[in-house]
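Enquirer: give me coordinates for this.
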Amino acid sequence: MLFIVDRGAMVADRQQLEVLDRGQCLDLLRTVRVGRLVFTEDALPAVQPVNFRLKRDHLVIRVAGGAKLAAATGNAVVAFQTDELDPDLRTGWSVTVVGHANLITDVTELVDVSGTWLEPWVDGRRDHFIRIEVEKVTGRRLCTPVATTT
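Expert: Okay, here's the model as predicted:
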């Protein structure tokens, strides 16, 4: 959308896309609690919302079982995406992680991540914890440029 300002100068009402580095992406992951896990189920892509936490450079999710657990026990490559977007202001960010998923079996680590550290949002038992290695992370931020006149 273009609009006229004093003396006929034109200003573009456009968003700028900022590519985020790894550190910025990991910082943003720490600010939200829900994302989308992308994995393979019956040889097809599947996407499910999950609550998560970032622990060191790993994502940790808690599951009951099923396809998400099957993907983790097979050391499968999965993707994870989360974002925070404002459709009215057309601003926000998105971060995508790709890495291998593994079931956490070490007792010390299980004690560390269980309990209130990662509470499930849905009723029912969720006794399995999956660690996703953050092997590749990409992020983008939409921001409004400072208006300039020409």
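
Enquirer: so where's this structure shaky on pLDDT?
Expert: For the chain, residues meeting the criterion pLDDT under 70 lie at 1-15, 115-126, 145-150.

Enquirer: repeat that for 50
Expert: Applying pLDDT under 50 to the predicted model, the residue ranges of the chain that meet it are 1-12.

Enquirer: what bridges to the most centrally placed residue in it?
Expert: The centre of the chain sits closest to Thr82, judged by C-alpha atoms, centre = their mean, with a distance of 2.8 Å. Beta bridges link Thr82 to Val95, judged by DSSP bridges.

Enquirer: how close does it sit to Ala76?
Expert: Computed with C-beta to C-beta, to the nearest Å, the distance linking Thr82 and Ala76 is 19 Å. Every C-beta, even on glycine, is put in place using the N, C-alpha and C of the backbone.

Enquirer: please apply the same query to Ala67.
Expert: From Ala67 over to Ala76 (counting by C-beta to C-beta), the distance is 10 Å.

Enquirer: any residues in contact with both of these two?
Expert: Phe39 (C-beta atoms under 8 Å, 6 or more residues apart in numbering).

Enquirer: need the contact list for Asp127.
Expert: For Asp127, counting by C-beta under 8 Å, 6+ apart, the contacting residues are Ala64.

Enquirer: secondary structure element holding the nearest residue to Phe39 once chain neighbours are set aside?
Expert: The spatial neighbour of Phe39 that comes closest, neighbours along the chain excluded (C-beta to C-beta, 6 or more residues apart in numbering), is Ala71 at 4.1 Å. Under DSSP states H and E, the secondary-structure element containing Ala71 is helix 66-73.

Enquirer: assumed Leu110 was part of a helix.
Expert: Yes: under DSSP: H, G, I helix; E, B strand; the rest coil, Leu110 sits within a helix.

Enquirer: can you report how many residues lie near it?
Expert: The tally of other residues near Leu110 (other C-beta atoms under 10 Å) stands at 13.

Enquirer: how much space separates it from Arg62?
Expert: To Arg62, Leu110 is 11 Å away according to C-beta to C-beta.

Enquirer: identify the contacts common to those two.
Expert: Phe129.
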